[in-house]
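**Q** pasting the sequence and the predicted model now:
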Amino acid sequence: MSILSKLKETAICLNAGRVTMPYPFESKPVPERFRGRPIWDHVKCIGCAGCANNCPSREILINDICQEIRILHYLGRRCTYCGRCADVCPEDAITMSHEFENGTNKITDLQQRLELFMSTCQRCGRCFKGQSPLEALKMKGYRADDLANDRWVFKSTAYLPGQPILEDLTIELEG
């Protein structure tokens, strides 16, 4: 190693210019098709639970408090931003943002919670179009994920606990 070789190396390095960015002081814009954290539009969301049923990391929980109110809870802990929820949303209520700097000390900063009023269609009386046979096998009735412990529970019932399945009918007998 001679001093001459070190001087040559220094000249090469000085002529190379700047190769690093001054991040985080100046960030480079993300590519147009970049998928960051999903964002729900509560006005567009119809509460069909297609996002929760198709989320590979099970980060979207659904809880039906009663027939009219459904709670959708996005946890954001293990979400890989795959965009499957946005792909299956029939109303385009989920958009993949360009947010990627999601480091936080409080995991609740990433969570989103929607309380949706589930009214039935005035024309057909149903909330959504009919299920495919596969969807009918996956889920029936009301959905009850464990919101208190942020767990996705594959449990459903055809009726609400504590509520009568059918109202009592009064039968009038002749005679």
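**A** In hand now; what should we look at?

**Q** burial count for His98?
**A** 13 (other CB atoms under 10 Å). In short, each C-beta sits where N, CA and C put it, glycine included.

**Q** mind pulling the model confidence for it?
**A** For His98, the pLDDT comes out at 91.

**Q** next: Ser2.
**A** Value for Ser2, per-residue pLDDT: 86.

**Q** scan this protein for its longest helix.
**A** helix 3-15 (DSSP state H).

**Q** tell me what that one is packed against?
**A** The helices and strands touching helix 3-15, judged by 3 or more CB pairs under 8 Å, 6 or more residues apart in numbering; DSSP states H and E, number zero.

**Q** next one: it to chain centre, how far?
**A** The chain centroid and the centroid of helix 3-15 are separated by 53 Å under CA atoms, centre = their mean, to the nearest Å.

**Q** give the buried residues for that helix.
**A** Buried residues in helix 3-15, counted by 16 or more other CB atoms under 10 Å: none are found.

**Q** swap in stretch 28-35?
**A** In stretch 28-35, counting by 16+ other CB under 10 Å, buried: Arg35.

**Q** what's the answer for stretch 96-111, then?
**A** Met96, Leu110.

**Q** how long is it end to end?
**A** 14 Å (CA to CA, to the nearest Å).

**Q** residues in contact with that stretch?
**A** 24, 30, 34-39, 73-77, 79, 81, 83, 86 (CB atoms under 8 Å, 6 or more residues apart in numbering).

**Q** for PyMOL, what selects the buried ones among these?
**A** Of these, the buried ones go into a single PyMOL selection, burial set by 16+ other CB under 10 Å:
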select buried, resi 35+36+37+38+73+74+75+76+79+81+86
